[in-house]
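Chemist: everything below, folded, please.
(one chain, ligands or ions: 2)
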Amino acid sequence: MKITSLKTFILHVPVTRNGIADSTHTLTHWGAPGVIIETDAGITGYGYTGTHAHLASDRLITQCIETCFDWIVGRDPLEATALHREMERFPPVQWVGRGGITQLALGAIDVALWDIKAKQAGQPLWQSMGGKERPILAYNTDGGWLNWSLDTLVSDCRRLVEEDGYLGVKIKVGSPNLATDIERLEAVRRAIGDKVTLAVDANGRMDLPTAIRFGRHLADCDVLWFEEPLWYDDVISHKRLAESIRTPIALGEQLYLAHNFQTFFDAGALHYAQPDVARLGGITPWIQVADMAMARGLPVVSHVGDMGQIHIHTAIGHPSSNMLEYIPWLRDCFTEPVTVSDGWYVVPREPGAGTTLRHDALDRFGVA
Ligand SMILES: O=C(NO)[C@H](O)[C@H](O)[C@H](O)CO
Ligand SMILES: [Mg+2]
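Modeler: Ligands and ions are numbered 1, 2, ... in the order given. Next up, the predicted model:
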């Protein structure tokens, strides 16, 4: 089979209530710069990465796909792993970025190649990965945004549990003062009861002493994990935090390289690995990271952000995963929208990686 063309796109899709925030980011839309790969077999592969819908940098990602990786036209898309290695180590691009824009561009292409591979096999990606049909527990982040008032936060989390049947929720922390985080955490724990899984996510905002102080309250509220407590690259401080508090540490959505995960694993600075195909450079390195985590007995609970269409496949396809974040922003763009029913993910059936765009997606959400 041969790749015959690459065509890029950019989607900007409104987020919940037209505006969400965590401790570090505020966004009105989720961005999905992507690529459509045509082949001489008539199979079309769709891949995309995830951003905060900043058009200028989204355009840098699509331009990187079009002008730095155009040499894959003519290559066999089924050689996804080998092609990923060549693209990842393509000297002029490797020289300017083993992270950031070049990695996000690579990720979109790699996802499209795996989409083609699964479609060629006539299987959903999770099956092409050697996985078998099994339930993946969902936890919902979309009721826990930091710009929600305390009342909205509590009522959203209560609704997700009592009406929508979620067995887990996550709330954002990292407010300007810790007392606010403690108040919101305790109010949500009271509202959802003590049987529901509760995680917190600081998106890299806290300093080490504050995170250590917060640790006592996390344990009192039986929090499952403390996500991105400190700055994303600070391995040693995460190690010190992990040694100082009882609540496990989760991170990974901001890590660009499998080697970054290895460093955190080796330092004992991470308990729940949260790899994201958007940032890691695709499904190929996602599998490498999941294998590393599994070898250390550490669970993989991928970041979604909103890469849910792909991560439900990788979660089912890899034995390290039993749980996955749920955020519903992009689902209207795809022919098989990712779906949760009574707190559990519905198993996708369509051949491919879950990335096939609906015919109207570009009209509704495309930006030039
Ligand atoms: O941290 C996350 N999930 O764990 C969310 O994806 C981010 O908060 C959103 O993308 C906004 O930055
Ligand atoms: Mg997070």
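
Chemist: break down the stretch 201-350 of the chain into its strands, ranges please.
Modeler: For the stretch 201-350 of the chain, the strands defined by DSSP state E, counting those that start in this stretch occupy 226-227, 249-251, 272-273, 323-326, 340-341, 344-345.

Chemist: so which of those gets nearest residue 8?
Modeler: Taking CB to CB, strand 323-326 is the member of the strands of the stretch 201-350 of the chain nearest to residue 8, at 26.7 Å. The way it works is simple: take the backbone N, C-alpha and C, and place the C-beta from them, glycine included.

Chemist: is it true that residue 8 touches residue 46?
Modeler: No. Residue 8 lies out of contact with residue 46 (CB atoms under 8 Å); the separation is 11.3 Å.

Chemist: any shared contact partners between those two?
Modeler: 34-36 (CB atoms under 8 Å, 6 or more residues apart in numbering).

Chemist: check those one by one and keep those near ligand 1.
Modeler: The subset of the shared contacts of residue 8 and residue 46 within reach of ligand 1, by CB under 6 Å from any ligand atom, is empty.

Chemist: inside strands: which ones of the residues you listed?
Modeler: Judged by DSSP state E, strands contain the following of the shared contacts of residue 8 and residue 46: 34-36.

Chemist: by neighbour count, which of those residues wins?
Modeler: residue 34 (28 neighbours; other CB atoms under 10 Å).

Chemist: contacts only, for it.
Modeler: 8-11, 46-49, 62, 108, 112, 355.

Chemist: can you pull the buried residues of the biggest helix by length in the chain?
Modeler: In the chain, taking DSSP state H as the definition, the longest helix is helix 101-121. For helix 101-121, burial by neighbour count (16 or more other CB atoms under 10 Å) applies to 101-120.

Chemist: what sits up against the helix or strand just after it?
Modeler: Sequence-wise, the next helix or strand downstream of helix 101-121 (DSSP states H and E) is helix 125-128. Contact with helix 125-128 is made by 114-115, 117-118, 121, 133, 283, 310, 312-317, 347-348, 352-354, as judged by CB under 8 Å, 6+ apart.

Chemist: for ligand 1, what are the nearby residues on the stretch 201-350 of the chain?
Modeler: 201, 203, 253, 303, 305, 325.

Chemist: neighbour-wise, which one of these leads?
Modeler: That'd be residue 303 among these, by other CB under 10 Å, with 30 neighbours.

Chemist: need the helices for this structure, in chain order.
Modeler: Counting by DSSP H, the helices of the chain are 55-68, 80-88, 91-96, 101-121, 125-128, 150-162, 178-192, 208-220, 235-244, 258-266, 277-280, 283-295, 308-317, 361-365.

Chemist: before we move on, back to that, quick one: which of residue 8 and residue 46 has more around it?
Modeler: residue 46 (26 against 20).

Chemist: list the residues that contact the closest residue to the more buried one other than its chain neighbours.
Modeler: Excluding the flanking residues, the one nearest residue 46 by CB to CB, 6 or more residues apart in numbering is residue 355, at 4.1 Å. Residue 355 makes contact with 34, 45-48, 111-112, 115, 309-310, 334, according to CB under 8 Å, 6+ apart.

Chemist: export those residues to JSON lines and tack on pLDDT?
Modeler: Formatted as JSON lines, those follow (pLDDT from 0 to 100):
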{"residue": "34", "pLDDT": "98"}
{"residue": "45", "pLDDT": "98"}
{"residue": "46", "pLDDT": "98"}
{"residue": "47", "pLDDT": "98"}
{"residue": "48", "pLDDT": "98"}
{"residue": "111", "pLDDT": "98"}
{"residue": "112", "pLDDT": "98"}
{"residue": "115", "pLDDT": "98"}
{"residue": "309", "pLDDT": "98"}
{"residue": "310", "pLDDT": "98"}
{"residue": "334", "pLDDT": "98"}
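
Chemist: among these, which one lies nearest to residue 71?
Modeler: Distances from residue 71 to these, taken as CB to CB, are shortest for residue 112 (15.4 Å).

Chemist: now for the spatially closest residue to the closest one that is not a sequence neighbour, how many residues are close by?
Modeler: Spatially, and ignoring its direct neighbours in sequence, residue 112 is nearest to residue 47 (3.1 Å; CB to CB, 6+ apart). Number of residues near residue 47 (other CB under 10 Å) recorded here: 29.

Chemist: run through the residues that contact residue 47.
Modeler: 34-35, 37, 107-115, 282, 353, 355.

Chemist: next: residue 252.
Modeler: Applying CB under 8 Å, 6+ apart, the residues contacting residue 252 are 261, 270, 273-276, 289, 302-303.

Chemist: and the gap between residue 28 and residue 147?
Modeler: 11 Å (CB to CB, to the nearest Å).

Chemist: output the contacting helices and strands for the longest helix of the chain.
Modeler: strand 29-39, strand 44-48, helix 55-68, helix 80-88, helix 91-96, helix 125-128, helix 277-280, helix 283-295 (3 or more CB pairs under 8 Å, 6 or more residues apart in numbering; DSSP states H and E).
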